[in-house]
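Trainee: starting from these lines, generate the structure:
(one chain, ligands or ions: 1)
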Amino acid sequence: MTQLGPQEPPLTSAELAERKMQFLFHLRSKGVTDARVLTAMEKIDRGAFVRGLFATRAYEDMPLPIACGQTISQPSVVGLMTQALNVQPRHKVLEVGTGSGYQAAVLSQLARRVYTVDRFRLLVQSARAVFDALNITNITAITLDGSFGLAEQAPFDRIIVTAAAEDPPSPLLAQLREGGIMVLPVGQSDAVQSLIKVTRTETGFDYEELRPVRFVPLLEGLGNE
Ligand code: SAH
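Mentor: Numbering: from 1, shown residues only. You can find the predicted model right below:
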């Protein structure tokens, strides 16, 4: 692994353009083929959501550490989850697990409005600052335990959870509109999790297993930062 340090020089604009091109090429090779999703990911600079030591790694396909001991997800997973969500321009979307704000920013390019919640106030505040800096105005970021959803804005056309629970939290299922889709990682341990897609039908819920993934756990209550 390359040694990283503050002495690493910033990228030149030519290097940056090259890395961004490779980034999109790589997303396609990982199965992110939906043109609208690729356009959104081309537009939203992941580099804006990764600070400090790891900034030069923003265009690599790996999760990276952010504040509060959390991680910004791997871009190919962000792409595949966004694609599975099949967001339409009039949709109202709920994201549980703001983290850096990157996933919410990608969704903001595809939906009418995005509500994103995180249990860490610090993460919500810094994500808001990035949204402002990027002139994104259709995201509402709230500090909240998202396992209970956001009843006052329900129902949602789409729900995405970016932290793993044992099962889909029932308040989230209840806040999904009929015909709506929820994408989330589920699993009983840190090591074994599956990404699943839940579709609300007239009579109940359809479940589809998409792929193995690894996310930080969905925890109860607010964080202390
Ligand atoms: N989507 C993020 C990555 C999320 S990491 C991005 O694009 O960067 C998972 C996040 O879920 C963490 O920030 C964690 O604090 C948050 N989280 C975990 N349990 C939660 C809960 N019950 N309610 C809200 N957020 C939660």
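Trainee: I figured Val114 hits Gly101, correct?
Mentor: No. When contacts are counted by C-beta atoms under 8 Å, Val114 is not listed as touching Gly101 (10.1 Å). Placement of C-beta: from N, CA and C, glycine included.
Trainee: so what sits against both of these two?
Mentor: Shared contacts of Val114 and Gly101, defined by C-beta atoms under 8 Å, 6 or more residues apart in numbering, comprise Ile139.
Trainee: what's in contact with the longest helix belonging to the chain?
Mentor: As assigned by DSSP state H, the longest helix anywhere in the chain is helix 13-29. Under the contact criterion C-beta under 8 Å, 6+ apart, helix 13-29 has outside partners Leu11, Leu38, Met41, Glu42, Asp45, Arg46, Gly47, Tyr59, Asp61, Pro75, Ser76, Gly79.
Trainee: now with 6 Å?
Mentor: Glu42, Tyr59, Asp61, Ser76, Gly79 (C-beta atoms under 6 Å, 6 or more residues apart in numbering).
Trainee: kindly report the same for stretch 83-102.
Mentor: With contact meaning C-beta under 6 Å, 6+ apart, stretch 83-102 is reached by 32, 34, 37, 46, 49, 66, 70, 72, 104, 107, 110-118, 123-124, 127, 130, 141, 146, 150, 156-163, 181, 183, 197.
Trainee: buried among those residues? Need that as a selection in ChimeraX.
Mentor: Per 16 or more other C-beta atoms under 10 Å, the buried members of these correspond to this ChimeraX selection:
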select :32,34,37,46,49,66,70,72,104,107,110,111,113,114,115,116,117,118,123,124,127,130,141,146,150,156,157,158,159,160,161,162,163,181,183,197
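Trainee: near the ligand too, which of the contacts of stretch 83-102?
Mentor: Among the contacts of stretch 83-102, the ones lying near the ligand by C-beta under 6 Å from any ligand atom are Gln70, Ile72, Val117, Asp118, Leu123, Gly146, Thr162, Ala163.
Trainee: just those: which are in helices?
Mentor: Leu123.
Trainee: just the ones of the ones next to the ligand among the contacts of stretch 83-102 in strands?
Mentor: Counting by DSSP state E, these place Ile72, Val117, Asp118 in strands.
Trainee: nearest residue to the first one in space, please, no chain neighbours.
Mentor: Put plainly, it is Ile72. Nearest non-adjacent residue to Ile72, counting by C-beta to C-beta, 6 or more residues apart in numbering: Ser100, 4.2 Å away.
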